[in-house]
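Novice: Next comes the sequence, and after it the predicted model I'd like to discuss.
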Amino acid sequence: MAGAAGAASAARRRPLALAILCSLLFLTFLDNTIVSVALADIQTSLHAGVTSLQWVVNGYALVFAGAMLACGMIADEFGRKVVMLSGATVFCAGSVLCALAPDVGVLIGGRAVMGLGAAASEPGTLSMLRHLYPDRGQRDRAIGVWAAVSGVALAVGPVVGGVLVGAFSWRAVFWFNLAFGAVVVLAALAVLPENADPEARRVDTAGALLGAGALTAAVFA
């Protein structure tokens, strides 16, 4: 009876857990494009050159792409929830650094911090679905929702960014990230279960560093 009740409770919480995971995915993917419409305002406000503006965008994408594989390995071994939420917290901290940036150098550094946080949080949003949805059919549908959200996030980034910059300034983009991220982290703490891969091998530090370097170099090129 207790096992059946627990299973029923877990089934009821799945849609909410999926919504939280997709919200976190939405936030990290949104930031790939949301800043693009803020570049003109950043250039005027911080007197940034074209190369610096390129790094405001690429600093996030490079770190995000380069560190994702290593962060996924760490999450498999040490727990997906703790790594995912730690990454979301780092993402929020980077957003604060960007929002308060006095010059473009600090802004680029903050974007790199955000990319590292996104790399730690994003892999867990997908790997946790296998734990939440043991049934293959339900899991396939959940992954379909996950994929759709990632596409929508990339598409609406310029729209959301344009509204924020038009109503306030480029700094509002990063305060939005902080507010959204804080809400998602609190919700995830309350709802998501912890899980890890019991058969995961110990993290290969050298391999993770070389993999991150290779991915970063490939994306940079």
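Specialist: Happy to help now that I have it.

Novice: quick one: low-confidence ranges for the protein?
Specialist: 1-12, 196-205, 207-208, 211-212, 216, 219 (pLDDT under 70).

Novice: Identify each of the helices in it and give its residue range.
Specialist: 2-30, 39-46, 50-78, 80-99, 104-132, 136-167, 171-191, 205-220 (DSSP state H).

Novice: Make CSV out of those and add mean neighbour count.
Specialist: Heads up, the C-betas are built off the backbone N, CA and C, glycines and all. As requested, those are arranged in CSV below (neighbours: other Cβ atoms under 10 Å):
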stretch, mean neighbour count
helix 2-30, 16
helix 39-46, 17
helix 50-78, 20
helix 80-99, 22
helix 104-132, 22
helix 136-167, 15
helix 171-191, 18
helix 205-220, 13
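
Novice: Can I get stretch 107-125 in CSV, CA atoms only?
Specialist: Output of stretch 107-125 as CSV, limited to C-alpha atoms (Å, rounded to 0.1, in the frame of the first residue of the first chain):
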residue,chain,number,x,y,z
LEU,A,107,30.5,42.2,-18.5
ILE,A,108,32.4,39.6,-20.6
GLY,A,109,33.7,38.0,-17.4
GLY,A,110,30.2,37.8,-16.0
ARG,A,111,29.0,36.2,-19.3
ALA,A,112,31.6,33.5,-18.9
VAL,A,113,30.5,32.8,-15.4
MET,A,114,26.9,32.5,-16.7
GLY,A,115,28.1,30.1,-19.3
LEU,A,116,29.7,27.9,-16.7
GLY,A,117,26.5,27.9,-14.7
ALA,A,118,24.5,27.0,-17.7
ALA,A,119,26.8,24.2,-18.6
ALA,A,120,26.4,22.7,-15.1
SER,A,121,22.6,23.1,-15.0
GLU,A,122,21.5,22.2,-18.6
PRO,A,123,22.6,18.5,-18.9
GLY,A,124,20.7,17.6,-15.7
THR,A,125,17.4,18.8,-17.2
